[in-house]
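Trainee: No letters, just coordinates:
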């Protein structure tokens, strides 16, 4: 069965990488991508089987469609524009998935006498795919770097690497120390898609330059102040010496 289903995936044309594929006999929930296709394999061959596909709405089952004697009978909630059922491989294609398509789907199989022989449920969850991934780097006054990652989509999971090495922090923001540099990659995943972006981080020169300028200016100011004080001291000493000399001359003249 898995071989046949794998062959089916190769034969089905896909417009984008976020078209999803599920089987009714899988144990995990079926994740579908918002706005894209869902290929839902119900049975391998419907030629000798009667079946019905229903969706649980509240506490009631609502029929989408049924197959009897190789004829598709559309139910009240069947959307012919979006729903396409392929008889020879038992696959339902739902085009342009929307949030209302989330829910529990029920597949029922019947024998030729109309007796139900098999039933199985499948939980379908529609998620918005990952949008463009944006990474920004901000420097603090201490030189520490704050790297932020953002994207659109549902149930986002963030992971980081620095120069190819995985980082422990799994949040959308990481902090790097002053000495750290290299290529930082943010990868964003959810159940239906993924995206990533890489940026280069270097030492933060801005705050360090400001500090150097401050020290240089302060040093020049101190030198100027000392020069002025020295000049003032020399001037006072000269004036004092000159006044003392004149006083001695006056005493001698007397």
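Mentor: Thanks, I have it. Keep in mind that this is a model prediction, so the values were computed, not measured. Numbering: from 1, shown residues only.

Trainee: now the helices: where do they sit in the stretch 1-150 of the chain?
Mentor: Along the stretch 1-150 of the chain, counting by DSSP state H, counting those that start in this stretch, helices occupy 2-11.

Trainee: Point to the residue nearest the middle of the protein.
Mentor: residue 188 (3.5 Å; C-alpha atoms, centre = their mean).

Trainee: So what's the residue count around residue 45?
Mentor: Using other C-beta atoms under 10 Å, the number of residues around residue 45 comes to 11. Using the backbone N, CA and C atoms, a C-beta is placed for each residue, glycine as well.

Trainee: Can you tell me, leaving aside adjacent residues, what's nearest to it?
Mentor: residue 90 (6.2 Å; C-beta to C-beta, 6 or more residues apart in numbering).

Trainee: give me every residue that touches that neighbour.
Mentor: 41-46 (C-beta atoms under 8 Å, 6 or more residues apart in numbering).

Trainee: Model confidence for it, exactly?
Mentor: Per-residue pLDDT puts residue 90 at 91.

Trainee: start at 74 instead
Mentor: Renumbered: residue one is now 74, and that last one reads residue 163.

Trainee: I'd like the distance between it and residue 203.
Mentor: Distance, residue 163 to residue 203, using C-beta to C-beta, to the nearest Å: 31 Å.

Trainee: what does residue 277 give?
Mentor: For residue 277, the distance to residue 203 - C-beta to C-beta - is 30 Å.

Trainee: and the closest residue in space to residue 187 that isn't next to it in sequence, how many neighbours does it have?
Mentor: Of all residues not flanking residue 187 in the chain, residue 123 sits nearest, at 7.5 Å (C-beta to C-beta, 6+ apart). By other C-beta under 10 Å, the residues close to residue 123 number 21.

Trainee: Residue 123 and residue 109, how far apart?
Mentor: In terms of C-beta to C-beta, residue 123 sits 30 Å off from residue 109.

Trainee: Check residue 155 too.
Mentor: Here residue 155 is placed at a distance of 12 Å from residue 109 (C-beta to C-beta).

Trainee: out of the two, which sits in the busier spot?
Mentor: A side-by-side neighbour count of residue 155 and residue 109, using other C-beta under 10 Å, places residue 109 first with 21 against 14.
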